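Undergrad: Sequence first, then the predicted structure:
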Amino acid sequence: MPILMTKRAGIWARRMRCLQLLMSDSGSNSADKPGILGASCHMMSVSQSASRSVSHDAMPSTNTAECDKNPGEVTLKRKHSTTSWLSSWQEVIQNQHHREPHTSVTRPGTYMLPVQIMNNGSQDLKRFLEQVGTNPKEARYWLKYYKKSSDVNRPFALVHVDDDVLNNPDMLDSLGSSLSFLHRNNMRPVVVHGRKLNNEEEISPEKLKKIRHQLSSDSMLIVSLLESHGAPARLLYSNVIQSSIRKSKYGNVEEINIDPINWCLQSGHIPVINNIGESLDGQLLAVDVMEVTEALTSSLQPTKIFILNTAGGYIDEDKQVIANINLPAFLENSENLKWCSKDQIQKVERINKLLMDLPSYSSVIITSATTLLHELFTHNGSGTFFKIAEPVHKYQSLDGINKDLLVKLIDRSFGRNLKEDYFSIIEGNMHTIYLTEGYNAAAIVSKDISSSVPYLDKFAVSLKSQGQGLSDTLWEMIQKDFPSLFWRSKSTNIINPWYFKKCDGSWSDGDWIVFWYGVPDHKTTSGLINYALDLESSFNLSQDFEREESKSF
């Protein structure tokens, strides 16, 4: 029974090759690999007499899927294919189909998909590749990292959706596709939306009625949107938010009833919550949506808190998205920033207070619905990332440093083993070691005896800390302490574009690139280049292991 026909397309062949690398993991069973569809994606059973054919121009070869005699068993067969990646993709799809038998009734943890959304797996794939791109290493790492660290007893993400997003068709489509992707990969989201209210605002019964009507329409829109993308959703009403009256029909959040939320998550549904609360005597009250988000975050303790808007984050005076805001340090200088209004400062203060009550690994991200997956599955991200910054300590010697942890960070960052005598060699020329409290980032600055310009010997940030602002925090400290500096990096280093942004000048011999800043004298830079190129390697070149792709040189 053919249900899927596709044609060749070169760009999709390349992208699907990347997907094959994304899902590959040597030394582990295919059932343990993080599939692009997720274990909870079920297709409704189709009788043998039924026939449905859908054409996809974006796929590179012709395939058919046939239902066997046993309900729920689907066998994919490839016809006239000359590419090798598709067999792995078929195996993954088969594993998803065989993992649980199909059922005709809804039970906890399972659901039925209507026929028109049976191919949402390919839509997930398309959206994933469009947002993340064709670099599978980053996406594979983050997908495995999030799935491994997910907790069945709490949601992965709380997603706060601004009203503007609901009025944008393109963002709505991206929102539904992205959240359904997370849901199918066991990265369970909780959605909250509603109206921002002023503390001084008077709400009459008539106004509350209008607010409730609009919220009901928006909630049904979100639920329908998620289910149209294959992710079952449930609207949770006012009994979730237990409120007290502040004035008129305006209320405060007193407590969150998490039982309905947990029921939704455990039964395989995405909870959708608006900002209508209920008092002890059953009176309905309007609550500020940000206050609801804060209360839900405190009760649910998610790993990620997303605030989705149409701007994609906080925008600076040059109309660029602010990538990272490290708290609480940002608040100390926020009044001097031209782009930061009083209203934005108040929002950052609320975010800072919110993060203080969360585990250290939690973070808040303001981004767009169209770049949600890019924010999650790439090192650079896409929106404004808020996090309580890991403290950075400075040392003038190895005293007080856990040398084993520092060596481990450097080894994993460079993908090679540091020579045992490295620290004894540079000890005489060592100037400053910068090291974060959790040993997730480090920089080693040494003295160049032939000039007054210090040499940045090592700069390493662990993979899990990339995209969290640690690199910029570390670099800002170095720049503050050293008005001039030079360093070298392999010409094949994937983060050289980041170094080019930090330097005033550079020179390359093909194998190495020498960077510097704060050195205007050409004669001096010539000596710095020669010094850097003459340095011996700090690593045992004969020993090699899998590189972590961290920021390093």
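TA: Now that the structure is in, tell me what you want to look at. In this text the structure is predicted, and so the values were computed from the model without any measurement.

Undergrad: Name the residues of stretch 203-219 that are buried.
TA: 203, 208, 211-212, 215, 218-219 (16 or more other C-beta atoms under 10 Å). Backbone N, C-alpha and C define where each C-beta goes, glycine included.

Undergrad: Show me what it is in contact with.
TA: Residues outside stretch 203-219 that contact it (C-beta atoms under 8 Å, 6 or more residues apart in numbering): 163, 166, 193-195, 197, 235, 248-250, 272, 274-276, 284-286.

Undergrad: Can you tell me which of those are buried?
TA: Applying 16+ other C-beta under 10 Å to the contacts of stretch 203-219 flags 166, 193-195, 197, 235, 249-250, 272, 274-276, 284-286 as buried.

Undergrad: circling back: can you tell me which of the buried residues of stretch 203-219 is closest to residue 157?
TA: residue 219 (18.4 Å; C-beta to C-beta).

Undergrad: For that closest one, which non-adjacent residue is closest in space?
TA: Excluding the flanking residues, the one nearest residue 219 by C-beta to C-beta, 6 or more residues apart in numbering is residue 235, at 4.8 Å.

Undergrad: That neighbour sits in which helix or strand?
TA: strand 233-236 (DSSP states H and E).

Undergrad: Can you name the next helix or strand after that strand?
TA: Following strand 233-236 in sequence, per DSSP H and E, is strand 241-247.

Undergrad: Remind me what that next one packs against, helices and strands.
TA: For strand 241-247, the packing partners by 3 or more C-beta pairs under 8 Å, 6 or more residues apart in numbering; DSSP states H and E come out as strand 250-256, strand 276-278.

Undergrad: can you dump the C-alpha coordinates of the longest one into CSV?
TA: Only the C-alpha atoms of strand 250-256 are listed here, as CSV (Å, rounded to 0.1, in the frame of the first residue of the first chain):
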residue,chain,number,x,y,z
TYR,A,250,-7.8,41.6,39.3
GLY,A,251,-6.0,38.9,41.3
ASN,A,252,-2.7,37.7,42.6
VAL,A,253,-1.3,34.1,42.2
GLU,A,254,-1.5,32.4,45.6
GLU,A,255,-0.7,28.9,44.6
ILE,A,256,-0.3,26.6,41.6
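
Undergrad: And that strand, what does it pack against?
TA: strand 241-247, strand 284-286, helix 289-300.

Undergrad: go again using 10 Å as the cut-off
TA: strand 241-247, strand 276-278, strand 284-286, helix 289-300 (3 or more C-beta pairs under 10 Å, 6 or more residues apart in numbering; DSSP states H and E).

Undergrad: tell me the mean pLDDT over the third one?
TA: Summarised as a single mean, pLDDT over strand 284-286 is 88.

Undergrad: Put the alpha carbons of the top helix by length along the chain into PDB.
TA: Scanning the chain for the helix with the most residues, using DSSP state H, yields helix 205-228. C-alpha atoms of helix 205-228 as PDB (Å, rounded to 0.1, in the frame of the first residue of the first chain):
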ATOM      1  CA  PRO A 205     -17.100  42.300  35.000                       C
ATOM      2  CA  GLU A 206     -17.800  43.300  31.400                       C
ATOM      3  CA  LYS A 207     -14.100  43.700  30.700                       C
ATOM      4  CA  LEU A 208     -13.300  40.400  32.400                       C
ATOM      5  CA  LYS A 209     -15.800  38.800  30.200                       C
ATOM      6  CA  LYS A 210     -14.100  40.100  27.100                       C
ATOM      7  CA  ILE A 211     -10.700  39.100  28.400                       C
ATOM      8  CA  ARG A 212     -12.000  35.600  29.100                       C
ATOM      9  CA  HIS A 213     -13.600  35.300  25.600                       C
ATOM     10  CA  GLN A 214     -10.400  36.400  23.900                       C
ATOM     11  CA  LEU A 215      -8.300  34.000  26.100                       C
ATOM     12  CA  SER A 216     -10.600  31.100  25.300                       C
ATOM     13  CA  SER A 217     -10.300  31.800  21.600                       C
ATOM     14  CA  ASP A 218      -6.500  32.000  21.800                       C
ATOM     15  CA  SER A 219      -6.300  28.800  23.900                       C
ATOM     16  CA  MET A 220      -8.400  26.900  21.400                       C
ATOM     17  CA  LEU A 221      -6.200  28.200  18.600                       C
ATOM     18  CA  ILE A 222      -3.000  26.900  20.400                       C
ATOM     19  CA  VAL A 223      -4.600  23.500  21.200                       C
ATOM     20  CA  SER A 224      -5.800  23.100  17.600                       C
ATOM     21  CA  LEU A 225      -2.500  24.200  16.200                       C
ATOM     22  CA  LEU A 226      -0.500  21.700  18.300                       C
ATOM     23  CA  GLU A 227      -2.900  18.900  17.500                       C
ATOM     24  CA  SER A 228      -2.700  19.700  13.800                       C
END
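
Undergrad: Can you check what angle separates that helix from strand 250-256?
TA: If you take axes from the mean of the first three to the mean of the last three C-alpha atoms, to 10 degrees, helix 205-228 sits at 50 degrees to strand 250-256.

Undergrad: least confident pick among the buried ones among the contacts of stretch 203-219?
TA: residue 249 (72).

Undergrad: got the contact list for it?
TA: Neighbouring residues of residue 249 by C-beta atoms under 10 Å, 6 or more residues apart in numbering: 201-209, 211-212, 283-286.

Undergrad: Tell me which two in those residues are the farthest apart.
TA: Using C-beta to C-beta, the pair of these lying farthest apart is 201 and 283, separated by 17.3 Å.

Undergrad: Number of residues surrounding residue 404?
TA: When counting by other C-beta atoms under 10 Å, one arrives at 9 neighbours for residue 404.

Undergrad: and the helix or strand hosting it, which residues are buried?
TA: According to DSSP H and E, residue 404 maps onto helix 403-414. Using 16+ other C-beta under 10 Å as the test for burial, helix 403-414 gives 406, 409-414.

Undergrad: Tell me where the stretch 301-450 of the chain has strands.
TA: In the stretch 301-450 of the chain, the segments counted as strands under DSSP state E, counting those that start in this stretch are 304-309, 324-327, 363-368, 384-388, 392-395, 430-436, 441-446.
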